[in-house]
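Colleague: When you get a sec, could you give me coordinates for this:
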Amino acid sequence: MEINYQELGFKCGLEIHQQLSGKKLFCRCPSINSTKEPDVRAERRLRAVAGETGSVDAAAEFEMAKKKIFFYEGNSEDVCLVELDESPPDPINREALETALKVSLLLNARIVDEIQVMRKTVIDGSNVGGFQRTALIAMNGFIETPHGKVSIPTICLEEEAAQKLEEGADFVKYKLDRLGVPLIEIATGAELKNSEQAKDAAGHIGMVLRSVEGIKRGLGTIRQDVNISIEGGSRTEVKGFQDLRSIPKVIEYEVQRQFETIKEGKKIAKEVRKAEPDFTTSFLRPLPGAARLYPETDVLPVIVEKKYLERLKKELPKLLMHKVAEFEKKYSVSAQMARDLIEHETFEIYVKKFSKIEPHSIANILISIPKEIKSRFGIDSSKLAEKDFEDVIGYLNEGKITKEAVIELFVKKLKHEKINIAEFKNISEKDLENEIKKIIDEKPGLNQSAYMGLVMAKYRGKVDGKKVMDLLKELIK
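Modeller: Numbering: from 1, shown residues only. Predicted coordinates for the structure are as follows:
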């Protein structure tokens, strides 16, 4: 089906959820993914309560009707009584709040004067107390995309949910280490014109998030929800995907589903759906609304003073896309290489420390060579430590090895083999020339490539390939 988004009355908005590092939002437990054995366990049954509108939220009623028992486990080093809803929350984490405020300012949003924490009813067991704490921190932001400006009506700071471990017919089991981790929720307006603009908007917001310190990195730390509707239908929220590349396909499949449902004369229900691996969606629960919110009376509001905001504005980091452009120009590398190098905090340190090596050679050692090791040797190059890189680049800087020896040294380190640097000692140009003459005399009549192979096989890791080729051009007439 060829999709004409404009004719279909397409409306689409994003919700980006990003975890923060440091401590949890309302206690002093670490914001980590724990691998420790559980020594804390609890069991709960949850029920929905009316929000400040006086009504019980439809999604909460739906979950409560399942009558499931919820089991929780965690380790006492990263879980406390706050997560178990057995103790009042601490004041809001000011470091996490400051990180979220910086993100908001970079998204051109207006910071609210007073931050009031609310409770959001959640009865699926992912929050032990039956609610999630959330706070509106900024409004009326925007970003620019190749398809036009996209508004950001709201930015919230809230608690991350517990991680589901197991589910049965009458129970769900959760892990508590993730519960309470600070989470920024960024909501765009519903003016996204098509699936590609949705992808571009998510990519731009992700770039802004990665520009700020205090943001978690890696799989599972960021996720996107997409709200979609077409004319004659209702808003559907699609959850469950992290890869930006899947956004266009998920949107296209959901638009087709809604179009076919309307064509059959059926009503589109307001609901939350899960994105499946094949980009289709499946029903999760009714769409929640304002009825699930009510004030959190255990956490005092935070007044945001003008002087504090002015200081934050002066401390805002440079956007990642601007850093990439600077790296491209400064170090003569590609845009992709620049993006990778920015993630390597040691790159510029090495450039200053190892001044005898060209920056692009250091960039190649940090970025390209580990990839080559993985593809050529099938070895997990991610196990290379910073000290491994520093050692090898140091040898190269001191002239103890050639560039050709770098891969072999890394492979030896990964295989935990004994390394004798003397074996990789560079031979002089005069000695190299004599050796090449000797090989030519012993095997006359070969072409340059054949001689190149013989020389490099004999002096692997000890000679510069370009130097060998230059000498061969001179010696073979």
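Colleague: Might you report the residue contacts of Glu386?
Modeller: By C-beta atoms under 8 Å, 6 or more residues apart in numbering, the contact set of Glu386 is Thr346. C-beta: built from backbone N, CA, C; applies to glycine.
Colleague: Against Asp340, how distant is it?
Modeller: Glu386 is 16 Å from Asp340, where distance means C-beta to C-beta, to the nearest Å.
Colleague: Then Val351?
Modeller: 15 Å.
Colleague: Ile115 contacts Glu98, doesn't it?
Modeller: No - Ile115 is not in contact with Glu98 according to C-beta atoms under 8 Å; the separation is 11.8 Å.
Colleague: Between the two, point out the one with more neighbours.
Modeller: For the pair Ile115 and Glu98, the greater number of neighbours falls to Ile115 (22 against 16), based on other C-beta atoms under 10 Å.
Colleague: what's near enough to touch the residue nearest to that one when sequence neighbours are not counted?
Modeller: In space, and not counting its chain neighbours, Ile115 is closest to Val302: 4.2 Å by C-beta to C-beta, 6 or more residues apart in numbering. With contact taken as C-beta under 8 Å, 6+ apart, Val302 is in contact with Ile92, Leu97, Glu114, Ile115.
Colleague: One more: Gln258?
Modeller: Ile228, Ser229, Ile230, Gly233, Thr236, Ile268 are the contacts of Gln258 under C-beta under 8 Å, 6+ apart.
Colleague: With secondary structure and pLDDT added, can I get those in a markdown table?
Modeller: Conversion of those to a markdown table gives the following (DSSP: H, G, I helix; E, B strand; the rest coil; pLDDT from 0 to 100):
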| residue | secondary structure | pLDDT |
| --- | --- | --- |
| Ile228 | strand | 95 |
| Ser229 | strand | 94 |
| Ile230 | coil | 93 |
| Gly233 | coil | 85 |
| Thr236 | strand | 94 |
| Ile268 | coil | 90 |
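Colleague: what would the residues you listed look like in CSV with neighbour count?
Modeller: As requested, these are exported to CSV (neighbours: other C-beta atoms under 10 Å):
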residue, neighbour count
Ile228, 26
Ser229, 21
Ile230, 23
Gly233, 21
Thr236, 23
Ile268, 17
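Colleague: that older thread, among the contacts of Val302, which are in helices?
Modeller: Leu97 (DSSP state H).
Colleague: Met207 belongs to a helix, doesn't it?
Modeller: Yes - under DSSP: H, G, I helix; E, B strand; the rest coil, Met207 falls within a helix.
Colleague: Skipping adjacent residues, who's closest to Gly180 in space?
Modeller: Distance criterion C-beta to C-beta, 6+ apart; nearest residue to Gly180, sequence neighbours excluded, is Lys24 at 3.9 Å.
Colleague: which of the residues in stretch 194-207 are buried?
Modeller: 194-202, 204-207 (16 or more other C-beta atoms under 10 Å).
Colleague: where do the strands sit along the stretch 151-300 of the chain?
Modeller: 163-167, 171-175, 182-187, 222-229, 236-241, 271-275, 281-286, 293-295 (DSSP state E, counting those that start in this stretch).
Colleague: Among those, which comes closest to Ile357?
Modeller: With C-beta to C-beta as the measure, strand 222-229 is the member of those nearest Ile357 (34.9 Å).
Colleague: Strand partners (parallel or antiparallel) of that closest one?
Modeller: Strand pairing for strand 222-229, using DSSP bridges, gives strand 11-19 (antiparallel), strand 236-241 (antiparallel).
Colleague: picking up where we left off before, now, of the strands of the stretch 151-300 of the chain, which is deepest in the fold?
Modeller: strand 182-187 (a mean of 24; mean count of other C-beta atoms under 10 Å).
Colleague: Now do that one against strand 11-19, angle only.
Modeller: 170 degrees (axes from the mean of the first three to the mean of the last three C-alpha atoms, to 10 degrees).
Colleague: Neighbouring strands of strand 182-187 in the sheet, and parallel or not?
Modeller: Take DSSP bridges as the rule and strand 182-187 pairs in its sheet with strand 11-19 (antiparallel), strand 148-159 (antiparallel).
Colleague: which of the residues in the last one are buried?
Modeller: The reference is to strand 148-159. Buried residues in strand 148-159 (16+ other C-beta under 10 Å): Val150, Ser151, Ile152, Pro153, Thr154, Ile155, Cys156, Leu157, Glu158, Glu159.
Colleague: First-to-last residue distance for stretch 277-286?
Modeller: 22 Å (C-alpha to C-alpha, to the nearest Å).
Colleague: of all the strands paired with strand 182-187, which lies closest to Lys437?
Modeller: strand 11-19 (62.7 Å).
Colleague: Tell me which helix or strand comes right after the closest one.
Modeller: Counting by DSSP states H and E, the element after strand 11-19 in chain order, helix or strand, is strand 40-44.
Colleague: Off-centre distance for that following strand?
Modeller: 31 Å (C-alpha atoms, centre = their mean, to the nearest Å).
Colleague: Poorly predicted segments of this protein, please.
Modeller: 1, 423-433, 435-436, 441, 445, 452-453, 455-472, 474-475, 477 (pLDDT under 70).
Colleague: Show me how it divides into domains.
Modeller: For the chain, automatic domain parsing gives the domain ranges 11-308, 320-424, 429-475.
Colleague: okay, the ones you listed, which one's buried deepest?
Modeller: The stretch of the domains of the chain with the highest mean neighbour count (mean count of other C-beta under 10 Å) is domain 11-308, at a mean of 18.
Colleague: tell me what the longest strand belonging to the chain is packed against?
Modeller: Assignment by DSSP state E gives strand 131-145 as the longest strand of the chain. Helices and strands touching strand 131-145, by 3 or more C-beta pairs under 8 Å, 6 or more residues apart in numbering; DSSP states H and E, are helix 94-106, strand 110-111, strand 114-115, strand 117-121, strand 148-159, helix 195-210.
Colleague: The same query, at a cut-off of 7 Å, please.
Modeller: When contacts are defined as 3 or more C-beta pairs under 7 Å, 6 or more residues apart in numbering; DSSP states H and E, strand 131-145 packs onto helix 94-106, strand 110-111, strand 117-121, strand 148-159, helix 195-210.
Colleague: Which secondary structure elements does the first one sit against?
Modeller: To tie it back to what came earlier, the one meant is helix 94-106. Under the contact rule (3+ C-beta pairs under 7 Å, 6+ apart), helix 94-106 is packed against strand 131-145, strand 148-159, strand 182-187, helix 195-210, helix 306-314.
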